[in-house]
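Undergrad: Here's my sequence, what's the structure:
(one chain, ligands or ions: 2)
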Amino acid sequence: MTRPFNQPLGGNEMPRFGGPATMMRLPTQQDAAGLDACFVGVPLDVGTSNRAGTRFGPRQIRAESCMVRPYNMATRAAPFDSLMVADIGDVPIDTFNLPACMDIITRHYAGIMEAGCIPLTLGGDHTLTYPILRAIAEKHGPVGLIHVDAHADINDHMFGEAIAHGTPFRRSVEAGVLDTRRCVQIGLRGTGYAADDFDWPRQQGFRVVQAEECWHKSLSPLMQEVRQQIGDGPVYISFDIDSLDPAYAPGTGTPEIGGLTTIQALEIIRGCAGLNIVGCDLVEVSPPYDTSGNTALVAANLLFEMLCVLPGVLTRE
Ligand code: MN
Ligand code: MN
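TA: Numbering: from 1, shown residues only. Ligands and ions are numbered 1, 2, ... in the order given. You can find the predicted model right below:
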């Protein structure tokens with residue numbers, strides 16, 4: 001069979017530990033021209049409140065992605081038989097100026113939108129989702145949101161600043177880039193500054209599913225409800241790796257105990273199949289705290305799973 005689309009470099013052509021460390025060993029290109037989907041990194045960590053290091057996230061996720069093979073053996077998804085995909089490198093952020101990064105990121109993603117390409121982002125701290133959503137909404141209008149995280153990230157300010165990794169969804173609601181009746185947050189938990197911290201998104205119309213509602217069970221039935229809530233309209237997936245229990249993903253800046261399992265993460269993402277997904281991100285991998293590389297490995301696999309549920313991806317019998 002001839003394949004008209006980019007293929008990841010196979011393990012029989014070059015050992016998996018060899019060759020350039022691009023995402024899934026895909027070809028690279030300078031911009032999103034001609035692509036259906038792209039992997040793009042945002043090496044940002046100056047929005048982080050506790051442990052830093054997510055600036056190294058995109059590079060480490062790419063390194064650990066070398067073991068991710070092109071077919072999904074559970075769902076039979078064949079993304080590289082279906083879509084033109086490449087790794088388009090990183091956004092050249094200004095690491096000394098976080099507010100300036102917001103405009104740099106929005107401009108960069110406006111170019112990706114212009115090309116008609118779906119971005120899958122390798123983070124980077126969670127601040128980056130706000131400027132991405134601005135670019136997405138410029139094209140699609142206000143979008144639905146599936147936000148998986150230990151934290152709501154709806155703080156009004158952090159240390160007096162409006163832009164930080166704990167504020168992106170407050171800023172996004174204020175900017176009108178979210179369709180708040182089609183937003184869900186999954187995995188929220190831990191300690192807060194006020195007992196009603198998780199009520200603000202509910203007051204905006206979000207569905208909030210705290211981690212305790214996820215304990216000890218499959219999340220496939222939840223995702224059936226989520227698909228009904230989201231409907232046919234455009235939706236963005238934002239996956240913070242700290243939604244997972246630190247047992248699975250210790251390499252992150254603000255870990256919280258009692259989190260999701262990797263199996264529940266797969267159920268959430270596979271449960272997004274059929275939705276009109278217009279962009280995805282995987283954020284908050286901090287390699288300095290990821291001594292085994294396992295957190296980045298989990299992130300690489302979850303990004304592949306996101307690719308597998310994009311519109312237009314065929315399944316093979
Ligand atoms: Mn977050
Ligand atoms: Mn978080």
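
Undergrad: could you give the mean pLDDT of the lengthiest strand in the chain?
TA: In the chain, with assignment by DSSP state E, the single longest strand is strand 178-188. Strand 178-188 shows a mean pLDDT of 98.

Undergrad: again, but for stretch 252-266
TA: 98.

Undergrad: Please identify the buried residues of stretch 191-198?
TA: Using 16 or more other CB atoms under 10 Å as the test for burial, stretch 191-198 gives 197-198. Where you see a C-beta, it was placed from the backbone N, CA and C, and this is true even at glycine.

Undergrad: now residue 224, nearest residue through space, not along the chain?
TA: In this structure, residue 224 finds its nearest non-sequential neighbour in residue 271, 7.3 Å apart by CB to CB, 6 or more residues apart in numbering.

Undergrad: Just the CA coordinates for the helix or strand that comes right after the longest strand of the chain, please, in CSV.
TA: For strand 178-188, the succeeding helix or strand toward the C-terminus, using DSSP states H and E, is helix 199-204. The C-alpha trace of helix 199-204 is given here as CSV (Å, rounded to 0.1, in the frame of the first residue of the first chain):
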residue,chain,number,x,y,z
ASP,A,199,-17.8,26.8,42.5
TRP,A,200,-16.7,29.7,40.2
PRO,A,201,-16.5,27.5,37.1
ARG,A,202,-19.9,25.9,38.0
GLN,A,203,-21.4,29.4,38.2
GLN,A,204,-20.1,30.0,34.7
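
Undergrad: For helix 199-204, which residues meet the burial criterion?
TA: Under the neighbour-count criterion of 16+ other CB under 10 Å, helix 199-204 has 200-201 buried.

Undergrad: Do any residues in it lie close to ligand 1?
TA: No: Helix 199-204 is not in contact with ligand 1 by CB under 5 Å from the ion; minimum separation 12.7 Å.

Undergrad: Could you give the average pLDDT over that helix?
TA: Averaging pLDDT along helix 199-204 gives 97.

Undergrad: So what touches that helix?
TA: Contact with helix 199-204 is made by 152, 154, 169-170, 173, 180, 183, 185, 208, as judged by CB atoms under 8 Å, 6 or more residues apart in numbering.

Undergrad: now swap in stretch 310-317 and tell me
TA: By CB under 8 Å, 6+ apart, stretch 310-317 touches 36-37, 71, 75-79, 81-83, 118, 276-277, 307.

Undergrad: ok so, going back, which of the contacts of helix 199-204 has the largest number of neighbours?
TA: Using other CB atoms under 10 Å as the neighbour criterion, residue 169 leads the contacts of helix 199-204 with 29 neighbours.

Undergrad: For it, list the residues it contacts.
TA: Residues near residue 169 by CB under 8 Å, 6+ apart: 129-130, 145, 147, 152-154, 178, 185, 201.

Undergrad: Let me have these in JSON lines, adding distance to ligand 2 as columns.
TA: Shown next, in JSON lines, are these (distance: CB to the ion, whole Å):
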{"residue": "129", "distance to ligand 2": "11"}
{"residue": "130", "distance to ligand 2": "14"}
{"residue": "145", "distance to ligand 2": "15"}
{"residue": "147", "distance to ligand 2": "10"}
{"residue": "152", "distance to ligand 2": "9"}
{"residue": "153", "distance to ligand 2": "7"}
{"residue": "154", "distance to ligand 2": "12"}
{"residue": "178", "distance to ligand 2": "18"}
{"residue": "185", "distance to ligand 2": "11"}
{"residue": "201", "distance to ligand 2": "14"}
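
Undergrad: In TSV, list the residues you listed along with distance to residue 294.
TA: Converted to TSV, the contacts of residue 169 look like this (distance: CB to CB, whole Å):
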residue	distance to residue 294
129	24
130	28
145	27
147	23
152	26
153	24
154	29
178	32
185	25
201	30
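
Undergrad: the strands in this structure, which residues?
TA: Taking DSSP E as the test, the strands found in the chain are 37-42, 85-90, 118-123, 143-148, 178-188, 207-210, 234-240, 276-283.

Undergrad: buried residues in the fifth one?
TA: Within strand 178-188, the residues that qualify as buried are 178-180, 182-188, counting by 16+ other CB under 10 Å.

Undergrad: outside of that strand, which residues touch it?
TA: Under CB under 8 Å, 6+ apart, the answer for strand 178-188 is 133, 137, 141-152, 169, 172-173, 198, 201, 204-211, 214, 219, 222, 226, 229-231, 233, 235, 243, 259-260, 268.
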